[in-house]
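S.K.: How does the following fold in three dimensions:
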Amino acid sequence: MIPHIGQQDLSVLTAETIPTRTYRLDLDRGIISGMTHGLEAIKQAIYLILSTERFVYPIYSWNYGVEIWGLMGQNRFYVEAELERRITDALMQDERILSVGSFAFQQKKHIMQVSFAVETIAGTAQMTQEVRYV
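M.R.: Below you'll find the model as predicted:
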């Protein structure tokens, strides 16, 4: 016997927002130090995404991480353009991130320092990432 479910009005369905509560990583001491949520949890997720090379670790889906290794040996202007595209692509996989922009680049010998703003559901985060490209 197949159960019968009566007619339901699908227009009253609402999406539930899942909390962003997660463990707080204390990267300086290498320990977990309590819990975090909101913008701080999203900033931590951004840091982890940008610290993981995409397509390398089979534990992560192909949507997780950023492609940095392919920039080794390229000229500075190509690296700037590609970093903006690759960082945006990597971060937009997270549904809590609404937009990525305001990129600024600074070269320090063989390291490109990129600063950018990330608009999230919990507010705006200013982030900085260093990439060795030579």
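S.K.: Please count neighbours and contacts with C-alpha atoms only from this point.
M.R.: Will do.
S.K.: what is the residue nearest to Val100 when sequence neighbours are not counted paired to in the beta sheet?
M.R.: Spatially, and ignoring its direct neighbours in sequence, Val100 is nearest to Val118 (4.6 Å; CA to CA, 6 or more residues apart in numbering). With DSSP bridges as the criterion, Val118 is bridged to Val100, Ala125.
S.K.: Relative to Met127, how far out is Val118?
M.R.: 7 Å (CA to CA, to the nearest Å).
S.K.: These two: which has the busier surroundings?
M.R.: Neighbour comparison, Val118 and Met127: the larger count goes to Val118, with 23 against 14 (by other CA atoms under 10 Å).
S.K.: Relative to Tyr57, how far out is the more buried one?
M.R.: Distance from Val118 to Tyr57, by CA to CA: 25 Å.
S.K.: If I follow the layout properly, Met72 ends up in contact with Arg132?
M.R.: Yes. Using CA atoms under 8 Å, Met72 is in contact with Arg132, at 7.4 Å.
S.K.: out of the two, which sits in the busier spot?
M.R.: Arg132 (16 against 13).
S.K.: so that one makes contact with Val114?
M.R.: No. Look at Arg132 against Val114 with CA under 8 Å: they stay out of range, at 11.2 Å.
S.K.: So what's the residue count around Thr41?
M.R.: For the record, residue 41 is Ala, not Thr. Residues near Ala41, counting by other CA under 10 Å: 20.
S.K.: Output the contacting helices and strands for the strand or helix carrying it.
M.R.: Here Ala41 sits within helix 39-50, counting by DSSP states H and E. Contacts defined by 3 or more CA pairs under 8 Å, 6 or more residues apart in numbering; DSSP states H and E place helix 39-50 against strand 22-26, helix 76-91, strand 123-132.
S.K.: Nice, that's everything, thank you.
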